[in-house]
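Colleague: Just to be clear, the model below is a prediction. Sequence and coordinates:
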Amino acid sequence: MMTKQPLIEDLKARGLIAQMTDEAALVAHLNEQVVTLYCGFDPTADSLHLGHLVPLLMLKRFQDYGHRPIALVGGATGMIGDPSFKAQERQLNSTEVVQQWSEKLKQQISQFIRFDAGEDGAILANNYDWTAGVDVLSFLRDIGKHFTVNKMIAKESVRQRIEREDSGISFTEFTYQILQSYDFQVLNERFGCSLQIGGSDQWGNITSGIDLTRRMNGKQAHGLTLPLITKSDGTKFGKTEGGAVWLSPNKTSPYAFYQFWLQTPDADVYRFLKFFTFLDVAEVDEIEARDKAAEGRPEAQRILAEEVTRLVHGDQALEGARRITEALFLGDAQSLSETDFEQLQLDGLPATQLLNDLTEMPLTSLLVDAGVASNGKQVKDALQRQAVIINETECGMAQNMDTKSLFAAENARYGRFFLVKLGKKKHHLFYV
RNA sequence: GGUGGGGUUCCCGAGUGGCCAAAGGGAUCAGACUGUAAAUCUGACGCGCGAGCUUCGGUGGUUCGAAUCCACCUCCCACCA
C-alpha cells in the first residue's frame, strides 16, 4: 500500500464507521502497535452472504494497515442464536448442521485475509473450542457473576423482545450476549485481541464484551461498528428475486453476482464503491465526477461489479461473468460460435437440458421448471408482451402450446442450443 | 381465573351472508421511456396454457350460498384478579 491516510480517517471517509468506543483512545491504540482485532460470523447457513461482506472486508482493511485480524466462526454462538434486534425467537439447528456450516464458513473466510506467519498474519478461530467444554457451574460462577441482569435487560437490542409479550425471549437467546462477551475475553487473553468489530446491531454485544474483558483480564479493549448497508429507495440491500445474494458460487453464480452489482442504482453506486472495494476514496470521487461530466451511462456500476466479483470469486470467474454479459447484452447472440455456446454454459449461464418429448408441455411450465420464472403467470405476462425470445424469435401467447416446434431441431443453433430470453435481463440456455 | 378485542392472500391492512380470489398500500415480475439506473406511466401479482382447482387460525355446523352467522378448540392483545 502506498501513502495513504490513517486507517480511521479512511474508514470515516468511506462511511464505514457507525459507532466506536473512545475515538482518541482507539486511534492512539492503532497507531502505537499491531492491534489484534476480531469479528465473529455465526453459521446460520452454509454460506456467507452479502451482509457479511462488509465486515469481512473490514478485517482485510485492518490487515492492510498492518493489524492482525481474527476471523471467529461462531460454532458455539450459532447454536444459541443472536437475539439482537430480531423480532422473533430463532429456530435452533442441530449440532451436526452447525458444525458443518462452520466448516464451510471457515473456507469462505479464508480467501479474504492473509494467513501467513507474519505478525499481522490472520487467525481463524471457532468459539466452539472454548465454549463447548465449559460446565454450567463454572459458567455461572466465573462468567455469569460479572453480568447484572439489569444491564442485560436494558440493552436496546433485546428490549423489543422483552417488552413485546407476543414474542418474548428465551433464556437461551438471552444468554447470547454473555457467550459473545466471553469470546472477546478469551481472545483477549489468548491472542491479546483488543478490538472487536461488527455490524451496528452488535454494539451491545461488543460493549458488554469490553466490560467483561476489563473485569476478568484487567485490560481495556475497544469496539467499532459498521453501518447497516441501506439502499436509497428503502428496500433491503442484498436481495434479489431469488432471495439473498450469497458469496458461495454454488448458491449465487459469479455471473448472477456480477449482474447484481451491475444493476446497482446510480444513487447507491458511489457509496457502494467505498463500502465494497479497496479503491481509494479519491479514486471513487474521481469516477463519480467523470460519470457526472460524461452524460449517459456511468462507468461506476461496471467498475463496482468487476471489483467485487474479482474480490469474491477471482479473476477467472470474473472473466466468465463478463463473457456472458457481453454475449447477452452487448454483442448480438447471433454471432456466437458453437464453442461460445459451450463456454457460456461453462461460465455459469443457467442451462437446462431439454426433455425428449415436449408434446403437451406448455412453454410456461417448461420455463418455470427450468427456473427461469417462479410461476406460470410471469411467463404468461411476458408472452402477452412478446417478451419471450427463443433464438431471436419472439414468442407470444399463441405459441404457448407450440413448445415442440419452437424447440425443434431445425431451430436450434448448431443443432443443439436454444438461447431463451425472458424480459430484458433473464437469459437461460437450453440444450439438447 | 374473569371481561373485552383480535388472528385475512409475501408484508401492512380493508372486508361482517351472495356483486369476494377477496379494497388499498408496500414488495416483486413484465412492458413503455432510458443507460441491464432512477423517476414516471401501463399491466400482472393464490395455483393452472386452459377447463378449472384451492384459500381468509383449526374443526364441525346453520344456509340454496360463509372470510362473513353459530359451537367448540387454538394462539395473540388489552384491562381486571
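Modeller: Right, received. Where do you want to start?

Colleague: Can you tell me the element the closest residue to residue A:216 other than its chain neighbours falls in?
Modeller: In this structure, residue A:216 finds its nearest non-sequential neighbour in residue A:185, 5.3 Å apart by Cβ to Cβ, 6 or more residues apart in numbering. From N, CA and C alone the C-beta is placed, and that goes for glycine too. Residue A:185 is located in helix A:176-191, with elements delineated by DSSP states H and E.

Colleague: ok, the helix or strand following that helix: who's next to it in the sheet?
Modeller: Using DSSP H and E, the helix or strand that follows helix A:176-191 in sequence is strand A:193-199. If you go by DSSP bridges, strand A:193-199 pairs up with strand A:36-41 (parallel), strand A:222-226 (parallel).

Colleague: got any ranges where the stretch 151-300 of chain A has weak pLDDT?
Modeller: Within the stretch 151-300 of chain A, the stretches with pLDDT under 70 are A:163-168, A:242.

Colleague: residue ranges of the helices in it, please?
Modeller: A:156-163, A:171-174, A:176-191, A:203-217, A:254-262, A:266-276, A:281-294, A:300-325 (DSSP state H, counting those that start in this stretch).

Colleague: For chain A, which residue gets nearest to RNA strand B?
Modeller: With Cβ to the nearest atom of the strand as the measure, residue A:376 is the residue of chain A nearest to RNA strand B, at 2.2 Å.

Colleague: residue contacts, residue A:31?
Modeller: residue A:6 (Cβ atoms under 8 Å, 6 or more residues apart in numbering).

Colleague: and of the strands paired with strand A:193-199, who's closest to residue A:17?
Modeller: With respect to residue A:17, and counting by Cβ to Cβ, the nearest of the strands paired with strand A:193-199 is strand A:222-226 at 6.4 Å.

Colleague: Let me see the residues that make contact with the closest one.
Modeller: A:16-22, A:25-26, A:29, A:54-55, A:58, A:194-200, A:202-203, A:206-207, A:209-210.

Colleague: Export that strand to CSV, keeping only CA atoms.
Modeller: Extracted in CSV, the C-alpha atoms of strand A:222-226 (Å, rounded to 0.1, in the frame of the first residue of the first chain):
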residue,chain,number,x,y,z
HIS,A,222,-12.1,-1.2,22.1
GLY,A,223,-15.1,-1.6,19.8
LEU,A,224,-16.1,-0.4,16.4
THR,A,225,-19.3,-1.0,14.4
LEU,A,226,-20.1,-0.7,10.8
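
Colleague: Work out the gap between that strand and the centre of the chain.
Modeller: 19 Å (Cα atoms, centre = their mean, to the nearest Å).

Colleague: Repeat that for stretch A:282-293.
Modeller: Distance, stretch centre to chain centre, for stretch A:282-293: 26 Å (Cα atoms, centre = their mean).

Colleague: one step back: hmm, which of the contacts of strand A:222-226 are the buried ones?
Modeller: The neighbour-count test (16 or more other Cβ atoms under 10 Å) marks A:16-18, A:20-21, A:26, A:29, A:54-55, A:58, A:194-199, A:202-203, A:206-207, A:209-210 as buried among those.

Colleague: Residue numbers of the stretch 251-400 of chain A in contact with RNA strand B?
Modeller: A:259, A:262-267, A:296-298, A:301, A:325, A:328-330, A:360, A:362, A:364-365, A:368, A:373, A:375-378, A:380-382, A:384-385, A:387, A:397, A:400 (Cβ under 7 Å from any atom of the strand).

Colleague: Separate out the buried members of those residues.
Modeller: A:259, A:262, A:264, A:298, A:301, A:325, A:328, A:362, A:364, A:368, A:373, A:376, A:378, A:380, A:382, A:387, A:397, A:400.

Colleague: what's the distance between the third one and residue A:72?
Modeller: Per Cβ to Cβ, to the nearest Å, residue A:264 is found 30 Å from residue A:72.

Colleague: returning to that earlier point: next, count neighbours for the residue nearest to residue A:216.
Modeller: For residue A:185, the neighbour count with other Cβ atoms under 10 Å is 25.
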